[in-house]
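Q: fold the following and give me the result.
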Amino acid sequence: MSEIVRESMEYDVVIVGGGPAGLSAAIRLKQVNPELSVVLLEKGSEIGAHILSGAVLDTSGLDRLIPDWKDRGAPVTTEVTQDNFYILGPHGHVRVPNWPMPPLMNNHGKYIVSMGNVCRWLAEQAEALEVEIFPGMACSQLVYEGDRVVGVVAGEMGLNADGTPGPSYEPGMELRGKYVLIAEGVRGSLAKELIGKYDLSAGVDPQKFGLGMKEIWEIDPAKAKPGTVTHTMGWPLGKNAGGGSFIYHLEGNQVLVGFVVHLNYANPHLYPYMEFQRFKHHPLVAELLEGGKRVAYGARAISEGGWQSIPKLTVPGAALLGCSAGLVNVPRIKGNHNAMLSGIAAAEA
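A: The predicted structure is shown next:
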């Protein structure tokens with residue numbers, strides 16, 4: 001087969017992924033040196049398209065990146081006012097008092113947000129600094145010169161299942177940079193390639209993963225309690241598997257409902273999605289959702305290995321950011337601030 005010829009574009013920095021890590025890196029690069037040429041590639045149809053996640057946001061990353069974010073109208077307005085933690089049984093629940101909980105579980109002073117909206121707002125800040133953002137551009141492979149990463153191939157289409165070009169093949173384009181920042185989320189294909197090629201996980205624990213299923217509901221206004229954060233453990237998982245749930249009350253009578261199952265369950269017949277459905281029938285949850293309407297839903301993998309599973313983060317010409325690096329702080333049930341801080345650190349480095 002003849003060698004594929006691609007057009008190429010040159011930048012100072014190429015960023016893969018339009019989540020909080022990639023956007024923070026792009027913004028910080030232009031803050032440090034406005035003359036740099038920075039391009040950010042996002043596989044979704046728009047920034048935020050692949051970020052359904054409702055989250056409790058620790059604003060430490062945002063404070064570092066854009067200290068006047070409140071004045072600029074960031075969609076970060078619903079401050080946490082109440083923390084609830086329940087252990088569920090099949091028909092009832094027991095509330096765990098707040099006072100014996102470790103301080104890292106305290107969410108007061110944090111904000112309930114739609115990370116999709118936060119990322120859309122960050123993209124506006126990046127574009128105001130003249131970052132080039134290309135949505136709808138999935139990156140299919142890395143470009144190397146010798147041992148160094150020098151770019152990515154984006155927009156390649158029409159490959160057969162075995163990876164060979166099909167009849168409707170489009171070769172895509174090479175976007176080359178002095179540095180390539182990989183911020184494509186959990187188990188991204190480019191991050192996996194780098195981790196394998198450069199043996200970045202040598203000497204650390206294997207990464208662990210969970211499956212997080214998330215839904216946005218519009219509920220009866222009489223039941224809405226903006227600023228309320230609820231976490232549960234126990235039923236329906238019990239001894240079958242590890243995991244738990246979250247319920248976050250946002251403004252606009254919206255509630256963000258999520259259920260996480262650790263992917264080390266021993267029972268091969270366990271079906272995480274159906275466990276989520278069972279959870280929604282628990283009296284505590286069913287009463288909240290009754291009369292409401294589900295307006296969005298999705299699922300994603302979660303890196304759960306924590307500090308001891310973080311690989312080496314740099315290779316010649318490239319670095320791993322955010323969830324590509326496994327930076328979720330599992331005990332805190334938070335990763336967005338770490339993702340943003342990793343983007344800031346990479347940009348400054």
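
Q: ranges for the helices of the stretch 201-349 of the chain?
A: Using DSSP state H, counting those that start in this stretch, the helices of the stretch 201-349 of the chain run over 272-280, 283-289, 336-348.

Q: I should have written the stretch 1-150 of the chain there, sorry.
A: 20-32, 60-65, 115-128.

Q: now the last one, how far from the centre of its chain.
A: Which is helix 115-128. The chain centroid and the centroid of helix 115-128 are separated by 14 Å, computed with Cα atoms, centre = their mean, to the nearest Å.

Q: report the buried residues of it.
A: For helix 115-128, a neighbour-count test (16 or more other Cβ atoms under 10 Å) marks 115-123, 125-126 as buried. Where you see a C-beta, it was placed from the backbone N, CA and C, and this is true even at glycine.

Q: quick revisit: how about the helices of the stretch 201-349 of the chain, which one is nearest residue 319?
A: Between residue 319 and these, the shortest gap by Cβ to Cβ is with helix 336-348, which sits at 5.1 Å.

Q: of the buried residues of helix 115-128, which is the nearest to residue 24?
A: residue 122 (7.1 Å).

Q: against residue 80, how distant is that closest one?
A: In this view, residue 122 and residue 80 are 21 Å apart by Cβ to Cβ, to the nearest Å.

Q: same check on residue 337?
A: Separation of residue 337 from residue 80 (Cβ to Cβ) stands at 14 Å.

Q: which of these two has more neighbours?
A: The neighbour count for residue 337 versus residue 80, taken as other Cβ atoms under 10 Å, is higher for residue 337 (23 against 20).

Q: if we can go back for a sec, nearest to residue 9, of the helices of the stretch 201-349 of the chain?
A: helix 336-348 (20.4 Å).

Q: packing partners of the closest one?
A: With contacts taken as 3 or more Cβ pairs under 8 Å, 6 or more residues apart in numbering; DSSP states H and E, helix 336-348 sits against helix 20-32, strand 54-57, helix 60-65.

Q: name the residues of it that are buried.
A: Quick answer for helix 336-348 (16+ other Cβ under 10 Å): 336-347.
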